[in-house]
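**Student:** What shape does this take:
(2 chains)
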Amino acid sequence: MPDVNRPFVVPLYPYTPIFAIICCIILAFYLNVNAIITASFFLAVGVLVYYVNKKYSIKPGSGKLIR
Amino acid sequence: MGKLVRSIGFWGAAGIGIGAIIGTGIFVLIGVASGIAGPAVIVSFIIAGFVALLTGLSTAELASFIHESGGSYIYTTNAFGEFPGFVVGWMKSFDYIVGASAVSVGFAAYLTYFVGIPAATSTLVVVATIWPLILMFLNLKGIKEASWTNNLLVSLKILALLIFIMVGAGALISSRDYSNYYPFFPTGFSGVMSGAAVIFFAFIGFNTIAVMAEEIRDPGKNVPKAILFAFAVCLIIYTGVSIVAVGVVNWQLLGTSSAPLEFALQTVTDNTLILQFLAISALFATTSVIMASIMGGSRALFAMARRGVLPKGCQQYRIGMFPHLQYSFAGGLSVRLFS
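**Tutor:** Below is the predicted model of the structure:
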């Protein structure tokens, strides 16, 4: 929905979000290793839940664009 | 089910945001971060706040025209499809659940400290399980009551931090002793960055406002406004608290304290009323973080179930509040076992 009316717009787009992504990646490198391991574990469990739910749910996922 | 009611105004939304942002972050992490960065933790706060603000601007824009409950889960799904959306929503839910559990244990530790009973594992687990349960029932009563309670807690903890800044700054200026600020960068640039990485988590709660967008009145206007307002309030308070904290106490001592703000304030005042109020405010702060996590986490799971990427049964958003229970229990247990 790129053409939609946006009451609030990020200043200096697209530089602000690009800069934000770079900053977050840099900060992540300064994180504790345990935090990264724990997050990866939860991510793996999540992927499992996603596929199990897809397989056994009666109606297929409707996570498509609504508007 | 499938429809939520718009009952939160601008102040309610800003309160939820500030409630989610100012929590254990400022009451506990400031000690950890000071131990890493030294007095330059002030710079860490500004860097972390700046990076968080950049992501907050994007959230504010997306939230101004996508009002469906679920926040970043919905944005990612709409932009990149079902699976990337699920990954974001799933990690966000766990963020809320694990965060609420950790904070519940923090609450239990503060409570035992305040009441003066030994912090035994069993006591911590019981408190860390019962307190989120009580808050969950408050949430079940309705978002209006929960939002009102939240606003009260937020006001109290902002007041406590303002008192901290004023009393600390007053003592600092009248003593004219600024030696704690030297050397300013004892651990160099990497220390400042590691401090910023820790503090970053003290800022990211503002997403909760976006997650709640479907229950906020006039969301196109109120959601971005509330996000930026909550952000400004927290950045000012955090910077003020960090300037005072590393000014009145040596950063190495601050880094070893489990209750750094109480510790810092004890060095400048022996007024028990002020000290007690700060200790109690840590209880308010942790409570409103648990509240915000229960609100945000249950909406995130609700949004995913409504779109069909989690079992439809989870669409009762109230069910989303229940995981907090088990995880508080597990969290309480594991924190004691592994520390």
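
**Student:** For chain A, give me the ranges with low pLDDT.
**Tutor:** A:1, A:57-67 (pLDDT under 70).

**Student:** Can you report how many residues lie near the nearest residue to B:S72 once chain neighbours are set aside?
**Tutor:** Nearest residue to B:S72, sequence neighbours excluded (C-beta to C-beta, 6 or more residues apart in numbering or on different chains): B:V88, at 5.3 Å. In this view, the C-beta of every residue, glycine as well, is placed from N, C-alpha and C. By the criterion of other C-beta atoms under 10 Å in any protein chain shown, B:V88 has 21 neighbours.

**Student:** My read is that B:V88 contacts B:Y73, right?
**Tutor:** Yes - in this structure, B:V88 is within contact of B:Y73 by C-beta atoms under 8 Å, at 5.6 Å.

**Student:** Report pLDDT for the residue nearest to B:S72.
**Tutor:** If you check B:V88, the pLDDT there is 90.

**Student:** Please give me every residue in contact with it.
**Tutor:** B:V88 sits next to B:S72, B:Y73, B:T76 when contact means C-beta atoms under 8 Å, 6 or more residues apart in numbering or on different chains.

**Student:** Which residues are in contact with the residue nearest the centre of chain A?
**Tutor:** For chain A, the residue nearest the mean C-alpha position is A:L43 (11.4 Å; C-alpha atoms, centre = their mean). By C-beta under 8 Å, 6+ apart, the contact set of A:L43 is B:V87, B:W90, B:M91.

**Student:** rerun that using 7 Å as the cut-off
**Tutor:** By C-beta atoms under 7 Å, 6 or more residues apart in numbering or on different chains, the contact set of A:L43 is B:V87, B:M91.

**Student:** where's it, which helix or strand?
**Tutor:** A:L43 belongs to helix A:33-56 when assigned by DSSP states H and E.

**Student:** buried set for that helix?
**Tutor:** A:A39, A:F42, A:G46, A:Y50, A:N53 (16 or more other C-beta atoms under 10 Å in any protein chain shown).

**Student:** My read is that the last one contacts B:P311, right?
**Tutor:** Yes - the criterion here is C-beta atoms under 7 Å, and A:N53 meets it with B:P311 at 5.9 Å.

**Student:** sorry, back to before: which member of the buried residues of helix A:33-56 is positioned nearest chain B?
**Tutor:** A:G46 (3.8 Å; C-beta to the nearest C-beta).

**Student:** Quick check, the closest one in contact with B:W90.
**Tutor:** Yes - A:G46 is in contact with B:W90 according to C-beta under 7 Å; the separation is 3.8 Å.

**Student:** sorry, back to before: name the SS class of the residue nearest to B:S72, please.
**Tutor:** Three-state assignment for B:V88 (DSSP: H, G, I helix; E, B strand; the rest coil): helix.

**Student:** Contact distance from chain A - what residues of the stretch 1-150 of chain B qualify?
**Tutor:** Contact residues, the stretch 1-150 of chain B versus chain A (C-beta under 7 Å from any C-beta of the partner chain): B:51, B:54-55, B:57-58, B:60-61, B:64-65, B:77-78, B:82-83, B:85-87, B:90-91, B:94.

**Student:** What about those residues, which are in helices?
**Tutor:** Judged by DSSP state H, the residues of the stretch 1-150 of chain B next to chain A include B:51, B:54-55, B:57-58, B:60-61, B:64-65, B:77-78, B:82-83, B:85-87, B:90-91, B:94 as members of helices.

**Student:** among those residues, which ones are buried?
**Tutor:** Among those, the ones that count as buried by 16+ other C-beta under 10 Å are B:51, B:54-55, B:57-58, B:60-61, B:64-65, B:77-78, B:82-83, B:85-87, B:90-91, B:94.

**Student:** where in the stretch 51-200 of chain B is pLDDT low?
**Tutor:** Residues of the stretch 51-200 of chain B that meet the criterion pLDDT under 70 lie in B:119, B:142-144.

**Student:** let's go with 90 and repeat that
**Tutor:** Scanning the stretch 51-200 of chain B for pLDDT under 90 picks out B:55-74, B:78-79, B:89-157, B:175-180, B:182-183, B:185-190, B:194-195, B:197-200.

**Student:** quick one, helices of it?
**Tutor:** In the stretch 51-200 of chain B, the helices defined using DSSP state H, counting those that start in this stretch lie at B:72-80, B:82-115, B:121-141, B:143-175, B:188-200.
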